[in-house]
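Trainee: pasting a predicted model and its sequence here:
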Amino acid sequence: MFEKVDLERQSTPARSAATLIVTRDGTEGLEVLLLRRNPALKVMAGAWVFPGGKVDADDAGMDALSQANSAAIRELREETGLEVGPEPILHFSRWLTPEVVKHRFDTYFFLAPQSDETSVVVDGSEIVEYRWVKPDIAIAEQAAGMLKVPPPTLVSLTDVAEHDCLRDLVQAVRRRQPPYFFPRILEDGEDHVFLYPGDSGYDTADVSQSETCHRTTMHEGVFSYRRDFPWPDRQ
């Protein structure tokens, strides 16, 4: 389902993109909106992801971050029919696709608190299904091989799952420095390991260095994520 990784591939330029993590307080706790990509697509076919897509040249903004902000709002409207608000969206994280992947993106992730009951309407083309789900349930389904999500989605779900309600999540995102992810993909026997900044083995590309872990491991098609430290606060 996921794009095959060629560890010998030469780097290609990364396209600007934006993703929106839409969150709300559900009856049983914090929920996020996940969309299922059409199984017929060439990239991440059938995967469950957050709303998002490429930044267009006419997306408003004076810099890359503000243009991505505009693109995230536009993509949400196009893919789900939802409008953000009344609170502004918050910069959540940034992901740069590894150089060994063919289709590369420099993606800003944003958090969008959702308080109204507007119905989600998927386009039926690129997106074929949607669901509101508690992050811990989505993580458990992924671990059981029932839910296909790419590593950035799993990492973000794990991040959101650390908070019990939307207010606490928003406060934490406002306080912290948005984390930056530029994975280094390495082989560890039959597994693939995605090392992120902050991992003991990141600078040396050594998966055996595990004093402090910040990594995702793919074993038999299932991902597991580990982070051993808290996010630093904004300076």
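Mentor: The structure has been received and is ready for your questions. Numbers count the residues shown, from 1 in each chain.
Trainee: please state the offset of the longest helix anywhere in the chain from the chain centre?
Mentor: Across the chain, the longest stretch assigned as helix under DSSP state H is helix 64-80. Offset of helix 64-80 from its chain centre (C-alpha atoms, centre = their mean, to the nearest Å): 15 Å.
Trainee: direction included, what does the longest strand seen in the chain pair against?
Mentor: Across the chain, the strand with the greatest residue count (assigned by DSSP state E) is strand 15-26. Neighbouring strands of strand 15-26 in its sheet, by DSSP bridges, are strand 29-37 (antiparallel), strand 52-54 (antiparallel), strand 105-113 (parallel).
Trainee: so what touches the second one?
Mentor: Contact with strand 52-54 is made by 15-20, 71-72, 75-76, 78-79, 105, 107, as judged by C-beta atoms under 8 Å, 6 or more residues apart in numbering. Placement of C-beta: from N, CA and C, glycine included.
Trainee: now with 6 Å?
Mentor: By C-beta atoms under 6 Å, 6 or more residues apart in numbering, the surrounding residues in contact with strand 52-54 are Arg15, Ala17, Ala18, Thr19, Leu20, Glu75.
Trainee: swap in the first one?
Mentor: By C-beta under 6 Å, 6+ apart, the list of residues contacting strand 29-37 from outside reads 22-24, 44, 47-49, 51, 127-135, 165.
Trainee: now a PyMOL select for only the buried ones of those residues.
Mentor: To isolate the buried subset of the contacts of strand 29-37 in PyMOL, counting by 16 or more other C-beta atoms under 10 Å, use the following:
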select buried, resi 22+23+24+44+47+48+49+51+127+128+130+133+134+135
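Trainee: quick one: which of the contacts of strand 29-37 sit in helices?
Mentor: Using DSSP H, these in helices are Pro135.
Trainee: tell me the contacts of Phe110?
Mentor: By C-beta under 6 Å, 6+ apart, the neighbours of Phe110 are Leu20, Ala72, Ile89, Phe92.
Trainee: walk me through the domains of this protein.
Mentor: 15-180, 183-230 (automatic domain parsing).
Trainee: if we can go back for a sec, export the contacts of Phe110 as TSV, with columns for distance to Ile185, pLDDT and neighbour count.
Mentor: Below are the contacts of Phe110 laid out as TSV (distance: C-beta to C-beta, whole Å; pLDDT from 0 to 100; neighbours: other C-beta atoms under 10 Å):
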residue	distance to Ile185	pLDDT	neighbour count
Leu20	26	97	30
Ala72	26	96	29
Ile89	29	93	19
Phe92	22	98	22
